[in-house]
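> For reference, the sequence and a predicted model appear below.
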Amino acid sequence: MTAGIDHLTTSGTFSLDGGTWEVDNNVWIVGDGTEALVIDAAHDADAIERALAGRRLSAIVCTHAHNDHIDAAPALAARTGAPVLLHPDDLPLWRQTHPDRAPDGELADGQELTVAGTRLTVLHTPGHAPGAVCLYAPELSAVFTGDTLFAGGPGATGRSFSHFPTIIDSIRERLLTLPPQTVVHTGHGDSTTIGAERPHLQEWLDRGH
């Protein structure tokens, strides 16, 4: 049986460069009735654990290490025994939130994670953060983009550790090359598709200058 996708929204704060903002985050759970994988354990380990409904958690995957995407990861790992996985380029950001608890494993470009018989390929997509990754699941016609690509454009690049030309390169080379029907499941806000976002690349380039 092919895995399915569950979604919940959690609320908390995002803090960086001395500012703090209220945010709602998307938490994505990929799995079947037996096992699951969590993408971005944001804010509320209790709510995520309830959504797992007793399924075995194989991994907690961090699309990047801004605090609003990782703040509940250690607590969820402690309850479930699942490893926390992060691209090593985001360790400086991780340590701002969890200085005394390292991730359990590394993510690398091209790495494949399997849950419930479904393959997710890690795409390193720096720009919003140095170690930002997306997870592409062709069997589900889905890509989980964290804060790299949203409905309407790229993730923010106005704060530390971010770079606008880099995120544009990541989106153009790693995401807009995916099939147009691929559903983009984002870190915040509504989902979209690759086909809906692809025509706007030039607008984003113009906006960035």
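The structure has been received and is ready for your questions. What you see is a predicted model; the values in this text were computed from it and never measured. Numbering: from 1, shown residues only.

> Pull up the distance across stretch 143-150, start to finish.
Taking CA to CA, to the nearest Å, stretch 143-150 runs 11 Å from one end to the other.

> what is the mean pLDDT for that stretch?
Model confidence over stretch 143-150 averages 98 on the pLDDT scale.

> and if you look at stretch 54-71?
pLDDT averaged over stretch 54-71 equals 98, rounded to a whole number.

> Using CSV, list the CA coordinates for it.
This file holds the C-alpha atoms of stretch 54-71, laid out as CSV (Å, rounded to 0.1, in the frame of the first residue of the first chain):
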residue,chain,number,x,y,z
GLY,A,54,0.4,5.0,17.7
ARG,A,55,2.3,4.5,14.4
ARG,A,56,6.0,3.8,14.6
LEU,A,57,7.9,7.0,13.8
SER,A,58,10.9,6.2,11.6
ALA,A,59,12.4,9.6,11.4
ILE,A,60,11.9,13.3,12.2
VAL,A,61,13.2,15.2,9.1
CYS,A,62,14.1,18.9,9.4
THR,A,63,13.8,20.9,6.1
HIS,A,64,16.0,23.5,7.8
ALA,A,65,16.9,24.6,11.3
HIS,A,66,15.0,27.8,11.9
ASN,A,67,13.6,27.4,15.4
ASP,A,68,9.9,27.3,14.4
HIS,A,69,10.6,24.1,12.3
ILE,A,70,12.7,22.3,15.0
ASP,A,71,11.6,23.4,18.4
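
> distance between it and the chain's centre?
Taking CA atoms, centre = their mean, to the nearest Å, the mean C-alpha location of stretch 54-71 is offset from the chain mean by 8 Å.

> Give me the below-cutoff pLDDT ranges for this structure.
Across the chain, residues meeting the criterion (pLDDT under 70) sit at 1, 208-209.

> What segments of the chain are strands?
When assigned using DSSP state E, the strands of the chain occupy the ranges 4-16, 19-31, 35-39, 56-61, 84-86, 105-106, 112-115, 118-124, 133-137, 142-146, 149-150, 153-154, 183-186, 192-193.

> got a list of what A82 touches?
With CB atoms under 8 Å, 6 or more residues apart in numbering as the criterion, the residues that contact A82 are V38, L57, S58, A59, I60, L76. For glycine as for every other residue, the C-beta is placed from the backbone atoms N, C-alpha and C.

> so who does the residue nearest to it when sequence neighbours are not counted touch?
If the residues on either side of it in the chain are set aside, A82 comes closest to L57, at 4.0 Å by CB to CB, 6 or more residues apart in numbering. By CB under 8 Å, 6+ apart, the contact list for L57 reads E35, A36, L37, V38, L76, T80, G81, A82.

> on that earlier part again, drop anything exposed from the contacts of A82.
V38, L57, S58, A59, I60, L76 (16 or more other CB atoms under 10 Å).

> What's the end-to-end length of stretch 52-65?
Terminal residues of stretch 52-65 lie 22 Å apart, using CA to CA.
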